[in-house]
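In: starting from these lines, generate the structure:
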Amino acid sequence: MSLPPLVEPGPPLDRDQVARYARHLLIPDVGELGQRRLANARVAVIGAGGLGSPALLYLAAAGIGTIGVVDPDVVEASNLQRQVVHGVSDVGRLKVDSARATLDEVNPLVEVVTHPVRLDSSNALGVLAGYDLVVDGTDNFATRYLVNDACVLLGVPCVWGSIYRFDGQTSVFWGGHGPCYRCLFPVPPPAGSVPSCAEGGVLGLLCAAIGAAQGTEVVKLVTGIGVPLVGRLLVHDALRATWRELAVRPDPECVVCGDAPSITRETGLIDYEEFCGLPGAVTSAPGQELGTVDAQELADLLAARDRGDSDVVLVDVREPGERAIVSIPGAIAVPRAAFDTGEAFAELPFDRPVVLHCRSGVRSATALELLLAAGHPDARHLEGGVLAWVDQVDPSLPTY
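Out: I've put the predicted structure just below:
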């Protein structure tokens, strides 16, 4: 169903704005009044990455008056395959600063507000307050639930997107007008069970398709044209060049937008890392912390093994494509999924110390939980994963 415009129109357009936005003004559904609404809109984009990049570029070009960019990270070389708001000269620069410089070139009439912070329960409501809507371009479940819940409590729509390899999804979640993200996904998947783009890869062009779809939803919501994706999930398969639509309904038992919510402005936002079972919030048994080794400690253990002074077994739980990019010498491969099925336990010795590792420590932590639950007496995992190994032990190796 169509919805009324989200934003009131701003002042009449001046000569420069008319010239810049002429192609919008020619569209009857947008016109001068719609362009004034766009110029008066305040939109926060969470993540200046694969999805945020195309969304930011086209929202700036469309004339969104104020764009907030929320991202704590710096540009890395591996970002450039898909994060088109950044360039080679931006490597090592804060993403929010790189994005602002690019958007200033695209449209100097737009105000760009940078938020170089990692959103959490303590700051999300404050950062997002004052924006008319939010574009969620994040790549992890904890932040998605956080952004969703904050948007519900603030009463603003969340234009959500997700990408993985060749598949993308997008929808508009808006508690009170339709379902929220939790109505579709009430609980997160087990930590480490769903690979991120950094672990499983993503086609760069897919980001453009989904990010542009998100940007289109922003324009529709702000101007009140068309039928927004409220209550609808759009699913894109880039390999088959297909788009499918699934209906999504509000859940009356939803903990944030349902009839009797447990997450409210009075109760405050929850601990989302704990909710998603991320390392640091995960223990192998009540009161028992997961054991870790740091990169230098692992290097010493492997050197002792080479001298015959240790019999430690190093286990790489990543996928073959990841191991082809970079590996720690001497590791054996036992994929993370084998721990879920129990096949891993037949491949690993229970009479020798074992150290598990993955890319960053998330999957190895959840694999370690299962290994300890199966009765292994001496198992730990590498804190920070292979990224920590490259950073602290062998910087000559590539990262991803």
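In: domain ranges for the protein?
Out: The domain map for the chain lists 15-275, 283-392, with the assignment taken from automatic domain parsing.
In: and the first one, end to end?
Out: Across its full length, domain 15-275 reaches 52 Å end to end, with Cα to Cα, to the nearest Å as the criterion.
In: just to revisit the earlier point, lowest average confidence across the domains of the chain, which one?
Out: Note on the domains of the chain: lowest mean pLDDT is at domain 283-392, with a mean of 92.
In: got phi/psi on the closest residue to residue 156 other than its chain neighbours?
Out: Closest residue to residue 156 in three dimensions, ignoring its sequence neighbours and counting by Cβ to Cβ, 6 or more residues apart in numbering: residue 133, at 5.2 Å. From N, CA and C alone the C-beta is placed, and that goes for glycine too. Residue 133 adopts backbone torsions of phi -160, psi 170, taken as degrees, to the nearest 10.
In: touching, residue 161 and residue 213? I think so.
Out: Yes: the pair formed by residue 161 and residue 213 meets the contact definition of Cβ atoms under 8 Å, at 7.2 Å.
In: please enumerate the shared neighbours of the two.
Out: Taking Cβ atoms under 8 Å, 6 or more residues apart in numbering as the contact criterion, the residues that touch both residue 161 and residue 213 are residue 170.
In: who has more neighbours, the two?
Out: Per other Cβ atoms under 10 Å, whichever of residue 161 and residue 213 has more neighbours is residue 161, with 29 against 22.
In: the residue most central in space within the chain and residue 255: what is the separation?
Out: Of all residues in the chain, the one closest to the mean position by Cα atoms, centre = their mean is residue 139, 1.5 Å from it. Using Cβ to Cβ, to the nearest Å, we find residue 139 at a distance of 23 Å from residue 255.
In: all helices of the stretch 251-400 of the chain, in order?
Out: In the stretch 251-400 of the chain, helices defined by DSSP state H, counting those that start in this stretch lie at 272-275, 295-306, 320-325, 337-341, 343-347, 362-373, 385-392, listed in chain order.
In: could you tell me the end-to-end distance of stretch 28-48?
Out: According to Cα to Cα, stretch 28-48 extends 32 Å from its N-terminal end residue to its C-terminal end residue.
In: for that stretch, buried residues please.
Out: Buried residues in stretch 28-48, counting neighbours by 16 or more other Cβ atoms under 10 Å, are found at 30, 34-48.
In: now the two most distant members of those residues.
Out: Largest separation among the buried residues of stretch 28-48 by Cβ to Cβ: 36 and 47, giving 28.2 Å.
In: measure stretch 172-183 end to end?
Out: One end of stretch 172-183 sits 12 Å from the other (Cα to Cα).
In: isn't residue 155 right next to residue 176, touching?
Out: Yes: assessed by Cβ under 8 Å, residue 155 is found in contact with residue 176 at 6.8 Å.
In: how about the residue of the chain positioned farthest from its centre, phi and psi?
Out: Of all residues in the chain, the one whose C-alpha sits farthest from the chain's mean C-alpha position, using Cα atoms, centre = their mean, is residue 308 at 43.5 Å. The phi and psi values for residue 308, taken as degrees, to the nearest 10, are phi 90, psi 10.
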